[in-house]
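Trainee: Make a model of this:
(3 chains)
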Amino acid sequence: MEFTGAHILSIKQFERADIERVFKVADSMEPYAQRRRVTRVLEGAILGNMFFEPSTRTRVSFGAAFNLLGGDVRETTGFKSSAITKGESLYDTARVLSGYSDVICMRHPESGSVAEFAAASRVPVINGGDGANEHPSQALLDLYTIRKELADRGRPLDGLRIAMIGDLKHGRTVHSLCKLLCLFDNVHVTLVSPPELAMPESVVENMREAGLGVIVSEDLAHGIGHVDIAYATRIQEERFTSKEEANLYRGRFRLNQAIYTQYCEPNTVIMHPLPRDSREDANELDNDLNLNPNLAIFRQADNGVLVRMALFALILDVVDQVDACARDVNWYSGSR
Amino acid sequence: MEFTGAHILSIKQFERADIERVFKVADSMEPYAQRRRVTRVLEGAILGNMFFEPSTRTRVSFGAAFNLLGGDVRETTGFKSSAITKGESLYDTARVLSGYSDVICMRHPESGSVAEFAAASRVPVINGGDGANEHPSQALLDLYTIRKELADRGRPLDGLRIAMIGDLKHGRTVHSLCKLLCLFDNVHVTLVSPPELAMPESVVENMREAGLGVIVSEDLAHGIGHVDIAYATRIQEERFTSKEEANLYRGRFRLNQAIYTQYCEPNTVIMHPLPRDSREDANELDNDLNLNPNLAIFRQADNGVLVRMALFALILDVVDQVDACARDVNWYSGSR
Amino acid sequence: MEFTGAHILSIKQFERADIERVFKVADSMEPYAQRRRVTRVLEGAILGNMFFEPSTRTRVSFGAAFNLLGGDVRETTGFKSSAITKGESLYDTARVLSGYSDVICMRHPESGSVAEFAAASRVPVINGGDGANEHPSQALLDLYTIRKELADRGRPLDGLRIAMIGDLKHGRTVHSLCKLLCLFDNVHVTLVSPPELAMPESVVENMREAGLGVIVSEDLAHGIGHVDIAYATRIQEERFTSKEEANLYRGRFRLNQAIYTQYCEPNTVIMHPLPRDSREDANELDNDLNLNPNLAIFRQADNGVLVRMALFALILDVVDQVDACARDVNWYSGSR
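Mentor: Numbers count the residues shown, from 1 in each chain, chains lettered A, B, ... in the order given. Here you go, the predicted model:
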């Protein structure tokens, strides 16, 4: 794909070569994200960070990524203060807001809204999540994390064995990740969930057609036994007929250090899209895993900044100029 | 007027020469707003963007204008999180907040509040809208748009023929525009509204005293027949005794492509202060006008950035330095 | 204490030499805060300004201080839009958010929450107020103001005579200030409040053990008679059984120009943590004091920027580089 000036609306836009391009640029952003170097390549550029649905971490991650490239950020949060409530069309909103910025990141509660917005925008738009539909930068950062964790263990993405655990029916994140995995070779996916929360059949079929090995299971212990990645998601109580029923399932899909030690291969990577519910009666990923070096959930969040920096640099066509506008960091960054 | 260090509270401050000064500076901001050039003239300066009433587009427009000059923006939105709800006076709020910034833009729901705030502020204050009272940068960008659209058609502001349509009683925007038009020669204004929503008599009289030709009409077709500019505003349902009554009027003041083709002279410019209500049963300016090149509503929004950049540059006395701190844009800006 | 990389969570961390170090650095920030000079020493650094409880002035003060050093600010306001409401632990929130920034300022409604957050953060954290517990930068700016006002009158901090007036039971500010005063010699404190709102006994005992002279009084006239500083706080109506009872007390602890002239020594400095309640029936510090040059409440707010700049510069270890990255301001700043 041609990145320069492109909207990033869906992972369907990406072929394998595109993903590898994004990941290579993301790798090159590490010195900046880790505060060893400062670049000002986008000095003077403005990101319109338009969150018509709140999401602190995604909003701040996009904003920080743009700041790390030297640009400024103008922001809006929430719906009530927006002209949309006065009957303004997405077309009008897009025509106006795109006049204020060089690139827009938009989150909106309705499926398809960001694509509609992008069609009217005069600048590139990144989908920061449109309802149950897509959140492409999250899918990319998940895959980028898998690639990086495997590389640290001397392995490529091809040949990946991954288990996805929890609410696979409603999780936008795992749906998108499954689609991306179809671009790679010899991938084996184990889907572990209660039957009520199983991965949609269409997603499973897509994977099988693409040549992936797919196993559907209700047994956590078996599912996480021979994988490189255990990708946990939230068991959503509100999807069940009662809290009691939810708790039945929840007990069977909770990952903690004891279960990890008993069933996982050494160095199995633990991932989660975050936020995880850390309340005593709900935690899908126990806090006793916090000291396990294979818990990659915070590295996942860090990788989000790298991937978003890469998308901005590619869309605005400054990849080759990032290092030329750089210098060493002159303040304390030793605690990272 | 002396711009350096001045508060911009009301269009009454402006004489014709002042307006021409603002417009000339606004013209010079185009390379920056269109992302051909970057300037850092206000690098290190801080705008306090204080919106005690929400307004996404005005807030983002002021913030983007300041960023485009190289400055930083500190912002607040809404009332609830402010000390004003704890009984703090505007005097105290102004004394404190003006210590944090180099210039303040303030919106507040109460008439006169921004002037009261400015009297206590230690830095220049721009009125970003104080209730039903004033919103001077909106009036200036409207007039700037008229001037620019006329210039594109080979005409000066003097001799302008303009129709204002819709709720002329409550529209702060059109009241201010009428006052500004009094500074120009040989202007003809047609006021098209239901009688209940007629332009206030005082505004009409002011225009007549200033030598403008004013026609009051209830007939859209007649009103838009021989004008350079058709300036539409929102018909506000809540002003009528019933929705049915509002709909009666609404039908008579809706502008769409068919009506435009039938009644307007070629190249008549269509303006609107935005947001327009695009819902099927409410639209004062039909979406079928979106491809009409004379629809200037989004150019109006773009011009807002230019006018606000000009106000900042004049107030902070950096007009002569803007170009000296500039360089070419090095990122993709081709989609504008 | 070692400032580089340190969290600033409590005034208990500070010894006298530390305070003097902060104040000396704060002094050196004046040319920047007064817009005579611009420095870009933190260009490329990001402050995470995380306000899980609203506070316009503290939030904007921290943000402006960071901007004045050249850094960028990413911000969040309020609780509802945060993952904390979905059951995320402070540990997780801290691990994630600290990946986005170089330093974090955090306000949170619960006592102890900021220390818990800091323990998991990968970057230094400044406590911007955690419930009834601590707000160390406020205590520092209060003491800095006292020192500066005394210096203007040719006096050192040692030997200070100060009266604290109003609700001394619930005022986090005065509790912290009392603790800081224990580090200085020959200080005399007069505590003026209704008995229901008296300073906690533990705070009083601490001061006496540290060698301070402490007088407890219910008599405003007597209390403010022979002091260098009259530090007023808000009488909180909601702490009393009825508004009538509150008004009885309120009348006895109100400071206005007439009382000031009658009872205070010349040049007694008037302070208040702000916001003050300026409503007619509530004002603890009358508006008729606004022209009294000894009213230091707005200088207090200004000093907050200096103290916060100093904390950032010390924590990020750039004190020695601030001036080297500086140049003269090139815009109008004459109204300060």
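Trainee: who touches stretch A:19-31?
Mentor: Applying CB atoms under 8 Å, 6 or more residues apart in numbering or on different chains, the contact partners of stretch A:19-31 are A:3, A:14, A:37, A:68, A:140, A:143-144, A:147, A:180, A:183, A:303, A:305-307, A:309-311, A:313-314, A:319, A:322-323, A:326. Placement of C-beta: from N, CA and C, glycine included.
Trainee: Apply 6 Å and report the result again.
Mentor: Here stretch A:19-31 makes contact (CB atoms under 6 Å, 6 or more residues apart in numbering or on different chains) with A:37, A:144, A:306-307, A:309-310, A:313, A:319.
Trainee: And stretch A:148-165, by the same measure?
Mentor: Around stretch A:148-165, the neighbours that count as contacts under CB under 6 Å, 6+ apart are A:147, A:174, A:184-192, A:223-224, A:227-232, A:253, A:267, A:269, A:296.
Trainee: and the gap between the residue of the stretch 101-250 of chain A found nearest chain C and residue A:172?
Mentor: Nearest residue of the stretch 101-250 of chain A to chain C (CB to the nearest CB) works out as residue A:234 at 8.5 Å. Using CB to CB, to the nearest Å, residue A:234 is found at 12 Å from residue A:172.
Trainee: Looking at those two, which is more packed in?
Mentor: For residue A:234 versus residue A:172, neighbours defined as other CB atoms under 10 Å in any protein chain shown are more numerous around residue A:234 (23 against 18).
Trainee: so what pLDDT did the more buried one get?
Mentor: Note on residue A:234: pLDDT of 86.
Trainee: does it count as helix, strand or coil?
Mentor: coil (DSSP: H, G, I helix; E, B strand; the rest coil).
Trainee: Run through the residues that contact it.
Mentor: If you count contacts by CB under 6 Å, 6+ apart, then residue A:234 has A:277, A:284 around it.
Trainee: Angles on the backbone of it, please.
Mentor: When read as degrees, to the nearest 10, the backbone of residue A:234 gives phi -70, psi 130.
Trainee: how near is it to chain B?
Mentor: The gap separating residue A:234 from chain B is 30 Å, by CB to the nearest CB, to the nearest Å.
Trainee: Got phi/psi on the nearest residue to residue A:174 once chain neighbours are set aside?
Mentor: Distances taken as CB to CB, 6 or more residues apart in numbering or on different chains place residue A:164 nearest to residue A:174, at 4.9 Å, with adjacent residues excluded. Phi and psi for residue A:164, reported as degrees, to the nearest 10, are phi -110, psi 130.
Trainee: swap in residue A:160?
Mentor: phi -50, psi 140.
Trainee: sorry, back to before: tell me the pLDDT of the residue nearest to residue A:174.
Mentor: 98.
Trainee: Tell me the bridge partners for it.
Mentor: Applying DSSP bridges to residue A:164 gives these bridge partners: residue A:191, residue A:231.
Trainee: could the contacts of stretch A:19-31 be laid out in a markdown table, adding distance to residue C:258, neighbour count and secondary structure?
Mentor: Listed next are the contacts of stretch A:19-31 as a markdown table, based on distance: CB to CB, whole Å; neighbours: other CB atoms under 10 Å in any protein chain shown; DSSP: H, G, I helix; E, B strand; the rest coil:
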| residue | distance to residue C:258 | neighbour count | secondary structure |
| --- | --- | --- | --- |
| A:37 | 62 | 18 | strand |
| A:144 | 69 | 23 | helix |
| A:306 | 64 | 26 | helix |
| A:307 | 65 | 26 | helix |
| A:309 | 62 | 28 | helix |
| A:310 | 67 | 26 | helix |
| A:313 | 65 | 26 | helix |
| A:319 | 70 | 19 | helix |
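Trainee: Kindly reformat those as TSV and extend each row with distance to residue A:128 and pLDDT.
Mentor: Formatted as TSV, those follow (distance: CB to CB, whole Å; pLDDT from 0 to 100):
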residue	distance to residue A:128	pLDDT
A:37	26	97
A:144	17	98
A:306	16	98
A:307	13	98
A:309	15	98
A:310	15	98
A:313	17	98
A:319	21	98
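Trainee: Out of the residues you listed, flag the one nearest to chain C.
Mentor: residue A:37 (8.8 Å).
Trainee: In this structure that closest one contacts residue A:324, no?
Mentor: No - taking CB atoms under 6 Å as the definition, residue A:37 is not a contact partner of residue A:324, at 11.7 Å.
Trainee: now the end-to-end length of stretch A:115-130.
Mentor: One end of stretch A:115-130 to the other measures 9 Å (CA to CA, to the nearest Å).
Trainee: for it, which positions count as buried?
Mentor: Neighbour-count burial for stretch A:115-130, counted by 16 or more other CB atoms under 10 Å in any protein chain shown, picks out A:115-118, A:120-130.
Trainee: do stretch A:90-104 as well
Mentor: Quick answer for stretch A:90-104 (16+ other CB under 10 Å): A:90-104.
Trainee: contacts for that stretch?
Mentor: Residues contacting stretch A:90-104 (CB under 6 Å, 6+ apart): A:45-48, A:50, A:116-117, A:120-125, B:57, B:60, B:64, B:298, B:301-302.
Trainee: re earlier: widest-spaced pair of the buried residues of stretch A:115-130?
Mentor: Pairwise distances across these (CB to CB) peak at 22.0 Å, for the pair A:122 and A:129.
Trainee: Next step: the contacts of stretch A:90-104 restricted to helices.
Mentor: A:116-117, A:120, B:57, B:60, B:64, B:298, B:301-302 (DSSP state H).
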